[in-house]
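Colleague: the sequence and its predicted three-dimensional model are supplied below.
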Amino acid sequence: MIRAMVVMGVTGSGKSTLARALAQALGWRFVEGDSLHPAANIAKMAAGQALNDEDRRPFLDNVARAMADSHDPGIVVSCSALKRSYRDQIRHGQPQVLFVLPRLTRTALQARLSGRAGHFMPASLLDSQLAILEMPQPDELAIQVEGEATTEEQVRQTIAAAQAVEVGLAVRIQNVDPQGEVALALLREAAFEVRPLYCGDAAAALPLPRNAPLGPREIYIVAWLAAVPVGCGAIRELNQSSAELRRMYVHREYRRRHIGRTMLLHLQNEARRLGYSRLLLETGDRQAPAMALYEAAGFSRVPPFGRYADDPTSVCYELDLQS
């Protein structure tokens, strides 16, 4: 369960305002990250000098310690956490911390900073912070909210997204026989949903789909939420170095709950474990949610490959598993 959040972002993004409001809404403790900086860091920033990684190390240790030592129902900390390495250091104190990033344009940030007085962080450091900002990656527990929305709306977005992330964390993934009852039931559910998009009324006359047996470097998974099977997916071998992600499906009632992301990360890790360096997949051009999921996970679009080469509805992706 999520019991710690860090509201991250560059100066002027409203970290403290949102973090304080979240803590109040959730009944958690709020910690102003600026209060955890050593005095030398505050003096350096007040003088318009950007902090380096060595400067940030004791500050990030303090953030991690504040979360690890908390005995409150939950804790919300405001902290820029601009780089992946900084967020990893914070995770040492609380592995399931959720990072919340308010999204704003540089113009909006500059306007906010121009009207802010009495803060030790000068507006001149905005560009240096934007230059080092590393957006959260798909394998991190992180969400984004609309930074120009009202604080109340940002709180609503954060709590709703956090609840979806918690569902994803509760998912149990199991390796199964692709020709077993549960795997086939999910496969047919997917076919009943997708086939009419491309075949119209003729979809009803098509034979029920089947799964082939597994090869030695292949797996088939089912995702469970409590006792309910909610999704499936497979890794199938293409050649020694490349695998295809197939049969990826999440039941329509569970798609906005981070289950697809959890399954996809699991399958990526399994493909690496099986010794593949490249993962390819195919989806249909009318399946926008699936395409959004793959692109958010770092997959890049490639020309249709193999048996998909002559299918004008195919959209194909690949992921370098070694990067």
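Modeller: Cool, the structure landed.

Colleague: next, residue 146: phi, psi?
Modeller: Phi and psi for residue 146, reported as degrees, to the nearest 10, are phi -80, psi 110.

Colleague: tell me which element the residue nearest the centre of the chain is part of?
Modeller: Nearest residue to the geometric centre of the chain (Cα atoms, centre = their mean): residue 138, 3.7 Å. Per DSSP states H and E: residue 138 is located in neither a helix nor a strand.

Colleague: angles on the backbone of it, please.
Modeller: According to degrees, to the nearest 10, residue 138 has phi -60, psi -30.

Colleague: ok, now which ones touch it?
Modeller: Residue 138 makes contact with 261, 264-265, 296-298, according to Cβ atoms under 8 Å, 6 or more residues apart in numbering. Backbone N, C-alpha and C define where each C-beta goes, glycine included.

Colleague: doesn't residue 301 belong to a helix?
Modeller: No: assignment of residue 301 by DSSP: H, G, I helix; E, B strand; the rest coil gives strand, placing it outside any helix.

Colleague: can you give me the distance of the most far-flung residue of the chain relative to its centre to residue 199?
Modeller: Distance from the C-alpha centroid of the chain, by Cα atoms, centre = their mean, peaks at residue 205 (38.8 Å). Here residue 205 is placed at a distance of 9 Å from residue 199 (Cβ to Cβ, to the nearest Å).

Colleague: ok, residue 215 next?
Modeller: 29 Å.

Colleague: before we move on, the earlier item: which ones among the contacts of residue 138 lie within strands?
Modeller: With strands defined by DSSP state E, no entry of the contacts of residue 138 lies inside them.

Colleague: between these, which is closest to residue 85?
Modeller: residue 298 (18.1 Å; Cβ to Cβ).

Colleague: residues in contact with the closest one?
Modeller: 137-138, 319.

Colleague: can you list the residues you listed in a markdown table and add distance to residue 125 and pLDDT?
Modeller: Converted to a markdown table, these look like this (distance: Cβ to Cβ, whole Å; pLDDT from 0 to 100):
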| residue | distance to residue 125 | pLDDT |
| --- | --- | --- |
| 137 | 25 | 82 |
| 138 | 29 | 75 |
| 319 | 35 | 96 |
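
Colleague: wait, isn't residue 99 in contact with residue 135?
Modeller: No: if you go by Cβ atoms under 8 Å, residue 99 and residue 135 don't touch, sitting 10.5 Å apart.

Colleague: between those two, who's got more neighbours?
Modeller: residue 99 (21 against 11; other Cβ atoms under 10 Å).

Colleague: a strand runs through the more buried one, doesn't it?
Modeller: Yes: counting by three-state DSSP, residue 99 is found in a strand.

Colleague: could you shift the numbering so residue one becomes 293, and keep it that way?
Modeller: With 293 as the first residue, the last one maps to residue 391.

Colleague: okay, helices next: where are they in the protein?
Modeller: Here the chain has its helices, by DSSP state H, at 307-318, 331-338, 345-360, 376-383, 398-406, 418-424, 443-462, 473-491, 551-565, 580-588.

Colleague: want to throw these into CSV with mean pLDDT and distance to residue 512?
Modeller: Shown next, in CSV, are the helices of the chain (pLDDT from 0 to 100; distance: least, Cβ to Cβ, whole Å):
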stretch, mean pLDDT, distance to residue 512
helix 307-318, 96, 39
helix 331-338, 86, 51
helix 345-360, 92, 38
helix 376-383, 92, 31
helix 398-406, 85, 46
helix 418-424, 87, 42
helix 443-462, 89, 20
helix 473-491, 91, 6
helix 551-565, 92, 10
helix 580-588, 88, 18
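
Colleague: in JSON lines: those, plus mean neighbour count and distance to residue 537.
Modeller: Shown next, in JSON lines, are these (neighbours: other Cβ atoms under 10 Å; distance: least, Cβ to Cβ, whole Å):
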{"stretch": "helix 307-318", "mean neighbour count": "20", "distance to residue 537": "35"}
{"stretch": "helix 331-338", "mean neighbour count": "14", "distance to residue 537": "44"}
{"stretch": "helix 345-360", "mean neighbour count": "17", "distance to residue 537": "35"}
{"stretch": "helix 376-383", "mean neighbour count": "18", "distance to residue 537": "24"}
{"stretch": "helix 398-406", "mean neighbour count": "15", "distance to residue 537": "36"}
{"stretch": "helix 418-424", "mean neighbour count": "15", "distance to residue 537": "33"}
{"stretch": "helix 443-462", "mean neighbour count": "16", "distance to residue 537": "18"}
{"stretch": "helix 473-491", "mean neighbour count": "15", "distance to residue 537": "14"}
{"stretch": "helix 551-565", "mean neighbour count": "20", "distance to residue 537": "6"}
{"stretch": "helix 580-588", "mean neighbour count": "16", "distance to residue 537": "9"}
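
Colleague: let's have those helices in a markdown table, adding distance to residue 539.
Modeller: A markdown table is the format used below for those (distance: least, Cβ to Cβ, whole Å):
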| stretch | distance to residue 539 |
| --- | --- |
| helix 307-318 | 38 |
| helix 331-338 | 51 |
| helix 345-360 | 39 |
| helix 376-383 | 31 |
| helix 398-406 | 42 |
| helix 418-424 | 40 |
| helix 443-462 | 19 |
| helix 473-491 | 6 |
| helix 551-565 | 10 |
| helix 580-588 | 12 |
